[in-house]
Structure formats: structure tokens, C-alpha cells
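A.B. asks: Fold the following for me, if possible:
(one chain, ligands or ions: 4)
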Amino acid sequence: PLGLLGLTSGAIIFWLILTLARRGDTMGARIRRGLARGEFRVVYQPIVRLSDGACLGGEALVRWQQRDGTMISPDRFIPVAEAEGLIERLTDQIIEHVFADIGEFLAERPTVWIAINLSAPDVESDRVRGRLDRLRKTHGVAAGQIVLEATERTLIDARRAQSSMRSFRDAGYRLTIDDFGTGYSSLAYLATLPVDGLKLDKTFVDSIGSGTAADDVMGHILSLAATLGLDVAAEGIEHGAQADYLIARGVTYGQGWLFARAMEAETFGAYVDGRMAVAGPPSRRRRA
Ligand code: C2E
Ligand code: MG
Ligand code: MG
Ligand code: MG
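C.D. replies: Ligands and ions are numbered 1, 2, ... in the order given. A predicted model of the protein is given here:
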């Protein structure tokens, strides 16, 4: 019986050590380490005017390349960072990257804007708000050049979403609802939000031409947006036929691999500079 006891306690100790070792390497712990080591960086995906491909802005997207070289998708680590209370620190670093990467570029081009994704804790975070205010002021970037993207889910989860968003709005930032159509917000709720635009989720773009219900729902979303005077962008456009359909339905902006993938800051700058010229009002272009 003594030998059995020894064996059992040995097994328990072994299991304990194994569990502790694994716990040290959960996604949360890796994110914490990644934050400390500066493993996160930002890439930029252009957003174009569908009618003519003009480009005055894009979206900042975080990338995480771990020390061993493996890339982890934000779809996997953002939810963990949110759950583990790390998202504010991460967003803080992302904002720092954005201004270090393209702050000067934006300051020199007052009509160019950049969209930054915010999670629910970020929307209410003094730290995030403070960082944004400080960095854009030191760089000489106008608040109107910063578009904050928040999902419907985020806006529901954030307890003080309405007042925080109003405060961002009052300071001149632009706000847009990301992944629109995948959340749960009622149209009545949407109408009360102080937003400038909405971004149709990729699932809608994927549904184009399929004759499914999502196709019809998109029509309703677009007429709602028109009624509320909101800018509409569509994400995840991969095919020309999708772009044609969206243009015909009156969607103004598009983002997707059809136009450009997410790219390094310098390439993004060159892309925007190459397509800014066509971005003037059509009447002026015609005269020129
Ligand atoms: P999102 O905000 O809806 O961003 C659009 C996602 O669609 C990006 O994925 C982008 O690379 C991808 N995409 C764009 N065009 C196409 C296309 O034509 N085809 C396909 N298949 N994909 C396309 P990404 O960068 O992997 O980001 C995924 C999600 O992770 C984002 O969705 C956003 O919710 C979150 N995320 C990314 N960066 C950040 C960030 O800096 N902060 C926060 N809080 N969330 C972020
Ligand atoms: Mg987004
Ligand atoms: Mg989106
Ligand atoms: Mg999306």
C-alpha cells in the first residue's frame, strides 16, 4: 500500500508540474509576453471609393508574429486579450504604432484618414482616449482624420458606450460601426448612436448574387443607412462582380483583396499618394 501511495503522489506531482508548465504558456500568457517584448505591429489596408478607386484612407490592422516566427490571427488573440483584461494595453501599443508609422504622413495630408479598431473596454478607457488625444496633438493630426471602428457587439457590451462615443464625437473623432449586420442591435438602437458610418460585414459581400436572405437584408440595411445619412463601406470585396453590385446599390466605399491587401506603412503611404489625386470632387476633375 505504501508503494501505491508513492506512485499516486508521484503521479499527482507530475501532473501538477505539467499543468503549471502549460499554464505558463496559455494564449493569455503569450500575449502578456508579446506585449512586453513588443511583438505586435500594425499593417494598413486601403479603403477605396468604389466609383473610381480613389483612396484617402485605410484601416490599421494588428499583426502578431511570435518569436518562433508563427503568425497568429487577430481573430484568435483579440478575444483572449479582451477576456484576460489585456486589450487596453494592446490597443495602447497599436495606437503608438499607428502614430509612429504614419503620424507624420497624416499630418502632412489633412484629407487622409485612418481607421482604428476599438474593443468594448477601449471605448470607455481613459488610457486609450488619453493616448489618442495626446499623440494626435503632438503629431498635428486632426481628430477628424481618425475613424474609430467598433462592432455592434462592442457597443452593446460597453456599458457607457453612448456617452463615451458622444464624447469621442464631440472631440471631432469619426465613428463607424464595424462588421455591421452580424450583431444584435435593433434598428431603433442604431438610430440613437452617434455614428458617421457603417461597415457592411464580409458575410454580406459573400452573399451577393447567392439569392439568399442576407442579400435582401443588405438592401434594407442600405436604405436604412441612407435614411440616417450614414456613410457605407463594404469589407472583404474579392471579386469585380461584388464591387459592381455594391456600386449599383449605392455603397460608397470598399475594402478588400480586389483592391489591396493589408500592407506595411510605407507601401500604404505610396498607395494613398498614388490614388489621392482622383479623390477630388467629380466636378473639379471634369474641369481639369
Ligand atoms: P475587421 O475589423 O472586420 O477587419 C477586416 C478583416 O478582413 C481583416 O482581417 C482584413 O485583413 C480582412 N480582409 C480584408 N479584405 C479581405 C478580403 O478581401 N478577403 C478576406 N478573406 N479578408 C479580408 P484581420 O486583419 O485578420 O483582422 C480580423 C479581425 O480582428 C478584424 O476584423 C478586427 O475585428 C480584429 N482586429 C484586427 N486588428 C485589430 C486591432 O488593431 N484592434 C482590435 N481591437 N481588433 C483588431
Ligand atoms: Mg475593423
Ligand atoms: Mg470589419
Ligand atoms: Mg469583419
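A.B. asks: Name all residues that make contact with whichever residue of the stretch 101-250 of the chain sits closest to ligand 3.
C.D. replies: Across the stretch 101-250 of the chain, no residue is closer to ligand 3 than Asp178, which sits at 4.2 Å (Cβ to the ion). C-beta: built from backbone N, CA, C; applies to glycine. The contact partners of Asp178, taken as Cβ atoms under 8 Å, 6 or more residues apart in numbering, are 117, 149-151, 154, 199.
A.B. asks: Okay, it and Asp25: tell me how far apart.
C.D. replies: Distance from Asp178 to Asp25, counting by Cβ to Cβ, to the nearest Å: 31 Å.
A.B. asks: ditto for Arg76
C.D. replies: From Arg76 over to Asp25 (counting by Cβ to Cβ), the distance is 15 Å.
A.B. asks: one step back: go ahead and report the secondary structure state at the residue of the stretch 101-250 of the chain closest to ligand 3.
C.D. replies: strand (DSSP: H, G, I helix; E, B strand; the rest coil).
A.B. asks: Would you mind listing what in this protein touches ligand 2?
C.D. replies: 117, 149, 178 (Cβ under 5 Å from the ion).
A.B. asks: which residue sits closest to the first one, ignoring its sequence neighbours?
C.D. replies: Taking Cβ to Cβ, 6 or more residues apart in numbering as the measure, Asn117 lies nearest to Glu149, with 4.9 Å between them; neighbours along the chain are not counted.
A.B. asks: Let's see the pLDDT reported for that neighbour.
C.D. replies: The model reports Glu149 with a pLDDT of 96.
A.B. asks: How about the contacts made by the residue lying closest to Met71 once chain neighbours are set aside?
C.D. replies: Distances taken as Cβ to Cβ, 6+ apart place Gln65 nearest to Met71, at 5.4 Å, with adjacent residues excluded. Contact analysis of Gln65 by Cβ under 8 Å, 6+ apart lists 39, 41, 71.
A.B. asks: And the helices in the stretch 151-288 of the chain?
C.D. replies: For the stretch 151-288 of the chain, applying DSSP state H, counting those that start in this stretch gives helices covering 152-157, 161-170, 187-192, 202-207, 213-228, 240-248, 265-275, 282-287.
A.B. asks: quick one, which of these is nearest to ligand 1?
C.D. replies: For ligand 1, the closest of the helices of the stretch 151-288 of the chain is helix 202-207, at 6.2 Å, according to Cβ to the nearest ligand atom.
A.B. asks: May I see the buried residues of the closest one?
C.D. replies: Buried positions in helix 202-207, judged by neighbour count with 16 or more other Cβ atoms under 10 Å: 202, 204-207.
A.B. asks: before we move on, what about stretch 50-58?
C.D. replies: 50, 54-58.
A.B. asks: and stretch 65-84, which residues are buried?
C.D. replies: Using 16+ other Cβ under 10 Å as the test for burial, stretch 65-84 gives 72, 77-78, 80-82.
A.B. asks: so is Asp68 in a helix, a strand, or just coil?
C.D. replies: Following three-state DSSP, Asp68 is assigned to coil.
A.B. asks: pretty sure Leu193 contacts Phe180?
C.D. replies: No - under the criterion of Cβ atoms under 8 Å, Leu193 is not in contact with Phe180, lying 11.3 Å apart.
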